[in-house]
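Enquirer: build me a model from this:
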Amino acid sequence: MGIIFGNHIKSVEEDPQENCRRLDSTPCYNEFPSTSVNNESRNGPEAAQSQRSAKKKAVADDGPVRRKKRTLGPSAMFEAKYQQQEGLGEGGFGFVFAGYRKADDLDVVIKHIPKDQQILYHEDDTGKQIPMEVAVMMKLAAESERHSAHIDLLDWYDLDQELILVLERPMPAVDLLEYIIDKGGRLKEKEAKIIMRQLLDAAIDLQQKHIFHRHIKVENLLIQTGKDGIRVRVIDFGVSCFTKEGEAYDTFYGTHIPPEWYSREEYEAGPSTVYQVGAVLVDMLQNPSFRADMFYLFKRTKWWLSENCKDFLNACLHKDPDQRLTLEQLRNHLWMR
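Expert: Model prediction:
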């Protein structure tokens, strides 16, 4: 689901079925009902008075009686820590809200994911099962340096009917689609190149950590603005997964479908990520309406672009995945200099 940080609310594609192992949900927290019984309401007034006297005597004889500390369930823990505010968007994977952390007023994004969405779970070496999106973001947090491109996961809660993820919310920021629209529907090559450099760095970092985002598009990239210029942030790891070199997938998630999924009925992480990066560049250089079947029309009409930019696009969007450049080769392309 693309998280929306401005006033422009967008829909998200429906989640197709994933052809991989799915595990039943196993909540990480349990909510226990109170086991105390109100005997005073069940017995007569004389019995209640007798019980109160016995309690007082116990305190006098043995000192103060300590009450058992009540354990909060995950829903109560979430509500105690965060304040949820207005909705920011919704789609096939759930609902996204603005919010803040009560302890320090930190702006956050709160993502609700219904359990009926057939959430993917990851099983680690110890047999512990956690949502795949959580597992991926925890790996990123453990292996990344400060100021990395991905959005940080701050908290997560596993409830009976839904997952709640609490995510970092960069401010001020808008998604790349809204940024392009605000710029008049098209970016100049110079600005598109700045964004592309950062996107390639982020994609290479994910690849080195064996993480496959699977859904790179303009709605899933934030443009954070500040005194030091723009900063690209990668969001929405809802259909991401761990991957191995050479591993192929035969069920597609996302928006920009690589041609090999039609011709070979499978796709790999590296070449399909390169294809999606190219689709993002097309959206930056023209009104964001890229579809796989429109690329050939775009190839015939991109006369206004530099020769290096054309070559870069051709290297990303080649029909044959074996003929596309790798992410590292794209980062060293002449257009990137």
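Enquirer: residue 276: neighbouring residues, count only.
Expert: If you count neighbours by other Cβ atoms under 10 Å, residue 276 ends up with 25. All C-beta atoms are positioned from the backbone trio N, CA, C, and that covers glycine.
Enquirer: for the helix or strand containing it, buried residues please.
Expert: Taking DSSP states H and E as the definition, residue 276 sits inside helix 269-285. Using 16 or more other Cβ atoms under 10 Å as the test for burial, helix 269-285 gives 269-285.
Enquirer: which helices and strands does that helix pack with?
Expert: Other helices and strands packing on helix 269-285, by 3 or more Cβ pairs under 8 Å, 6 or more residues apart in numbering; DSSP states H and E, are helix 176-182, helix 189-208, helix 259-263, helix 307-317, helix 327-331.
Enquirer: spatially speaking, which residue is in the middle of this structure?
Expert: Most central in the chain under Cα atoms, centre = their mean is residue 236, positioned 2.5 Å from the mean C-alpha point.
Enquirer: check contacts around the residue nearest to it when sequence neighbours are not counted.
Expert: Using Cβ to Cβ, 6 or more residues apart in numbering and skipping the chain neighbours, the partner closest in space to residue 236 is residue 220 (4.6 Å). Applying Cβ atoms under 8 Å, 6 or more residues apart in numbering to residue 220 gives the contacts 2, 175, 213, 234, 235, 236.
Enquirer: and the second one, what are its bridge partners?
Expert: Judged by DSSP bridges, the bridge partners of residue 175 are residue 222.
Enquirer: part of a helix, is residue 138?
Expert: Yes - with DSSP: H, G, I helix; E, B strand; the rest coil as the criterion, residue 138 is located in a helix.
Enquirer: so how far is residue 153 from it?
Expert: 7 Å (Cβ to Cβ, to the nearest Å).
Enquirer: just to revisit the earlier point, right, so of the helices and strands packed on helix 269-285, which gets closest to residue 247?
Expert: helix 189-208 (12.3 Å; Cβ to Cβ).
Enquirer: that closest one: which residues count as buried?
Expert: Applying a neighbour-count criterion of 16+ other Cβ under 10 Å, one finds 189, 192-193, 195-196, 198-200, 202-207 buried in helix 189-208.
Enquirer: and residue 126, what helix or strand is that in?
Expert: Residue 126 belongs to no helix or strand, assigned by DSSP H and E.
Enquirer: could you report the pLDDT at it?
Expert: At residue 126, the pLDDT value in this model is 87.
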